[in-house]
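[1] got a sequence here, can you build the structure:
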Amino acid sequence: MVAEPSAPESKRTIKQVVIDAITANNVITNEELIAAVKTQFPKSAFKDSHAAWYRSQARKGLLTGTPIEIPAQRQSKSGN
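    Numbers count the residues shown, from 1 in each chain. Just a heads-up that it's a prediction; the model follows:
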C-alpha cells in the first residue's frame, strides 16, 4: 500500500495572502490586494469583487477569528 503524499505545510492559499496583506496594511486598496494575490497566484481570476468579499469577511472576523479594523473603500466613479 502506497501512502499519498501530503501537501507541504508551506503551501500558501489566496486566503493566507489576503490575510497577510490586510493585516500588514489595513488601508490596502483592492488594486493592491489583487496585485498581491496575482504575485503569488498569477493564473488566479481574483478580481475586485473577490477583494471586496475578503475585506467584508475580515471586518466580520470570519477570516482570522478576530475582526480587523478596515476603513471603507471609496469607489471612484468615472464620468462624475
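
[2] report the residue spans of the protein with pLDDT below the cut-off.
    1-10, 73-80 (pLDDT under 70).

[3] tell me the buried residues in stretch 51-63?
    Neighbour counts over stretch 51-63 (16 or more other C-beta atoms under 10 Å) mark 51, 54-55, 57-59, 63 as buried. The C-beta positions use only the backbone N, C-alpha and C, and glycine is treated the same way.

[4] from the chain's centre, how far out does stretch 14-21 sit?
    When distances are taken as C-alpha atoms, centre = their mean, to the nearest Å, stretch 14-21 is centred 4 Å away from the chain's centroid.

[5] host element of the residue positioned nearest the centre of the chain?
    Centroid-nearest residue in the chain: V18, 2.4 Å away (criterion: C-alpha atoms, centre = their mean). Counting by DSSP states H and E, the element that carries V18 is helix 14-24.

[6] what's that helix packed up against?
    helix 30-40, helix 48-60 (3 or more C-beta pairs under 8 Å, 6 or more residues apart in numbering; DSSP states H and E).
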